[in-house]
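Undergrad: coordinates for the following, if possible.
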Amino acid sequence: MMDIKDGSILLNFISKLDELEWKKYQQRYPYILIDNKLKKIDHSSYPPFTSFRFKNENLKVINILNQAINSYQGDVEWILISTKREYCNGVNHCILTKYVQDMKKTNKITVPIDSYISKIMPQFGPIAYNDLINLTKHIERFFIENNYNFKGNYN
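TA: Model (predicted):
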């Protein structure tokens, strides 16, 4: 079982909503190959994100997810962005902090955004990882309150 603070908690919940075709998240403690050995690295200062694409796009799920995120009041403000795939079918969705999205929009940053935030504001990542747990609980309650029929776990 994974540690709920590793960044995967929201993705694990989303996988219960419908079958995922693709998924990705910012791992808090990834294993990286260093000197031909896998070493666990602490990336807590890299802000979390959760990206996914449903096998079959379900607008009802996306609408409820968006409402849940917009109604959440925690330590960090979160947003859902959706991008239609350019050359294939489907829509990629990403749940991330509004702060990271705002930083991306400035176009003044020439290094990867997670590295940049890790350097200028290393305390933000751990705050966001802890808040991700509360966001996930809020989203789950929101779906239950909207009588959503969970499909199962498709991991």
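Undergrad: for the residue sitting nearest the centre point of the chain, give its distance to Q27.
TA: Among the residues of the chain, the smallest C-alpha distance to the mean C-alpha position (C-alpha atoms, centre = their mean) belongs to T50, namely 1.9 Å. As judged by C-beta to C-beta, to the nearest Å, T50 and Q27 stand 11 Å apart. (Each C-beta comes from the backbone N, C-alpha and C, glycine too.)
Undergrad: what touches both of those two?
TA: G7 (C-beta atoms under 8 Å, 6 or more residues apart in numbering).
Undergrad: burial of K105, as a residue count?
TA: By the other C-beta atoms under 10 Å criterion, the neighbourhood of K105 contains 9 residues.
Undergrad: cool, L38 as well?
TA: When neighbours are counted by other C-beta under 10 Å, L38 registers 10.
Undergrad: quick check: bridge partners of it?
TA: The residues paired with L38 through beta bridges, assigned by DSSP bridges, are L33.
Undergrad: select the longest helix from this protein.
TA: Longest helix of the chain, by residue count under DSSP state H: helix 124-145.
Undergrad: on that earlier part again, wasn't the residue nearest to the centre of the chain part of a helix?
TA: No: under the criterion used here (DSSP: H, G, I helix; E, B strand; the rest coil), T50 is strand, not part of a helix.
Undergrad: who's in contact with it?
TA: T50 neighbours (C-beta under 8 Å, 6+ apart): 7, 10-11, 14, 24-25, 94-96, 132.
Undergrad: one more: P30?
TA: Applying C-beta under 8 Å, 6+ apart, the residues contacting P30 are 40-41, 43.
Undergrad: the same query, at a cut-off of 7 Å, please.
TA: By C-beta atoms under 7 Å, 6 or more residues apart in numbering, the contact list for P30 reads 41, 43.
Undergrad: tell me the pLDDT of it.
TA: Among the per-residue scores, P30 holds a pLDDT of 92.
Undergrad: what residue ranges in the protein score low on pLDDT?
TA: When residues are selected by pLDDT under 70, those of the chain lie in 1-4, 107, 152-155.
Undergrad: can you give me the helices in it?
TA: Using DSSP H, helices in the chain cover 9-14, 59-71, 98-105, 113-120, 124-145.
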